[in-house]
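Asks: Just a sequence and a predicted model for now, questions to come.
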Amino acid sequence: MLRLIACCLVLLIPAIPAGAESDARPVDHFTLQEAADFSKQVERELADQGAYIALVFRSGRPREDLPDGVRYTHGAFWVYGPVTEADGSQGYGYAVYNLYHGQGDPTRSHLVQDWPLDFMRGDAVGQVGIIIPTAEMQIRLLDVLASDQYDHLHQADYSLFSNPADLRYQNSAEFMLDVVAAAAWLTDTRRRIKVNIGAYFAPTLLHINWWDRLTGQWFDPRLRLDDQRDGPIRIASFASISDFMLTFDLADESLELTAQHRQ
């Protein structure tokens, strides 16, 4: 039943500082103990909320390095279920399901399951965004993750600025939105999902000048914009996914949690 994903939204064009945030290598902005403590803090919060599955977002870049409207660079599903400890014993806890781009070819992504500590070692700000789906949506999401739909919804062609209403590319936030859409509309037909997203989802808008749009891919091959129309760049983000799920009664709550060592 533990099937899930996340990818990354990192910005790397000359006018917008950024970093490689969608691979699996830890960033280590905080000590290992701080990351471990924060991951346990998030797990306790999810348990207190009764969440068998939640959408969790963190930022691998300082907030001042991110464009307006973006607070987090990576999101993943945290799923509660049976886990095998390092000593081989069985217990229960949260597993994290991510979408990462490849290190050999950063324009291709793959699905990876890791753990709360792995997720939190990429945090640079000591804060996460959390979306708690409704009880019905949790059941639907778990059904999607436990089925072949999960893999079917993955588009391996990767873009940092993926347009959520277009089929061509994906990043972690868009993949999460696609999984939510599949659960909400009871379909794994990607073309239908994209039509519905275009009609009902209000994306986060990024205003980038024409020169950066033209030259961005020279500096980072992941910055593919041919799925974007003229005008603002359209992306999925913590804020826009949260607004979508709350507006259509797919989520009970959206919150931000600050690490205790940062309070």
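Replies: It's in. Numbering: from 1, shown residues only.
Asks: ranges for the strands of the stretch 151-263 of the chain?
Replies: Applying DSSP state E, counting those that start in this stretch to the stretch 151-263 of the chain gives strands spanning 204-206, 233-235, 251-258.
Asks: The second one pairs with which strands, and in what direction?
Replies: Each strand that strand 233-235 pairs with, and the sense of that pairing, follows from DSSP bridges: strand 204-206 (antiparallel).
Asks: returning to that earlier point: so which of the strands of the stretch 151-263 of the chain is nearest residue 167?
Replies: Set against residue 167 and scored by Cβ to Cβ, these come closest in strand 233-235, at 13.9 Å. Heads up, the C-betas are built off the backbone N, CA and C, glycines and all.
Asks: what comes up buried for that closest one?
Replies: 233-235 (16 or more other Cβ atoms under 10 Å).
Asks: And the residues you listed, which is closest to residue 117?
Replies: Distance to residue 117, by Cβ to Cβ, is smallest for residue 235 among these, at 27.6 Å.
Asks: Tell me what the closest one is bridged to.
Replies: Legend: beta-bridge partners of residue 235 under DSSP bridges are residue 204.
Asks: Number the residues from 25 up from this point.
Replies: OK, 25 is where the count begins now, so the last one is residue 259.
Asks: what's near enough to touch it?
Replies: Residues counted as contacts of residue 259 (Cβ atoms under 8 Å, 6 or more residues apart in numbering) are 33, 94, 185-188, 197-198, 227-228, 230.
Asks: Could you rerun that using 6 Å?
Replies: 185, 227-228 (Cβ atoms under 6 Å, 6 or more residues apart in numbering).
Asks: Let's have the residues you listed in JSON lines, adding neighbour count and pLDDT.
Replies: Output for the contacts of residue 259, formatted as JSON lines (neighbours: other Cβ atoms under 10 Å; pLDDT from 0 to 100):
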{"residue": "185", "neighbour count": "23", "pLDDT": "88"}
{"residue": "227", "neighbour count": "22", "pLDDT": "96"}
{"residue": "228", "neighbour count": "23", "pLDDT": "95"}
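Asks: Which of the strands of the stretch 175-287 of the chain sits closest to residue 127?
Replies: Between residue 127 and these, the shortest gap by Cβ to Cβ is with strand 257-259, which sits at 22.9 Å.
Asks: The residue lying closest to residue 215 once chain neighbours are set aside: neighbouring residues, count only.
Replies: Nearest residue to residue 215 in three dimensions, chain neighbours excluded: residue 191, at 6.6 Å (Cβ to Cβ, 6 or more residues apart in numbering). Using other Cβ atoms under 10 Å, residue 191 has 13 neighbouring residues.
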